[in-house]
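In: Dropping a prediction and its sequence here:
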Amino acid sequence: DARRQRPRHITFAISCAGEGGPATAFETTPGSCHFVVRMQHPAGCPRGMGWGWGWVFNVTFFSVLGAYFGIGMAYKVKHKGHSVGVEALPNIEFWRSLPLYVRDGLFFSREVVMGRLKDYKESRQGTEQVPGYNEMS
């Protein structure tokens, strides 16, 4: 059967209704393997245009970040005599060393986790082992 060789496509069309009703499904063109499922449900009704907390967080975060860099650069250029460029970034030494701080934090976290695993393994010595279980070394 040629229909079994073609991928099937399904489109869901949800329209606004006070209460959910029965769903109807049909194939757009016979033999096309493209199906449409239509239903009415309150989920299809438009919501208010308010922002969710994620948008509020992102807009606030990037606004504060932009103000930090903008005001910091303006201060360093105007009052400290730096030329406009990378050196005018506020706390440039920190930003240059940030990747090293992140790396150190990851290594420290790894050592804490591995140390706890080591302590756990040492506390379990002499206890019954599960057959076929290969502990991390």
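Out: Looks like it arrived, so ask away.
In: The most centrally placed residue in the chain: what secondary structure?
Out: For the chain, Gly54 is the residue whose C-alpha lies nearest the centre (Cα atoms, centre = their mean; 11.2 Å). Using DSSP: H, G, I helix; E, B strand; the rest coil, the structure places Gly54 in helix.
In: quick one, what contacts Pro90?
Out: Tyr68, Phe69, Gly72, Met73, Tyr75, Lys76 (Cβ atoms under 8 Å, 6 or more residues apart in numbering). (Glycine included, C-beta is placed from N, CA and C.)
In: Give the closest residue to the fifth one in space, chain neighbours not counted.
Out: Residue nearest to Tyr75 in three dimensions, not counting chain neighbours: Pro90, with 7.5 Å by Cβ to Cβ, 6 or more residues apart in numbering.
In: Distance of the one you found relative to Phe69?
Out: Applying Cβ to Cβ, to the nearest Å, the value for Pro90 to Phe69 is 7 Å.
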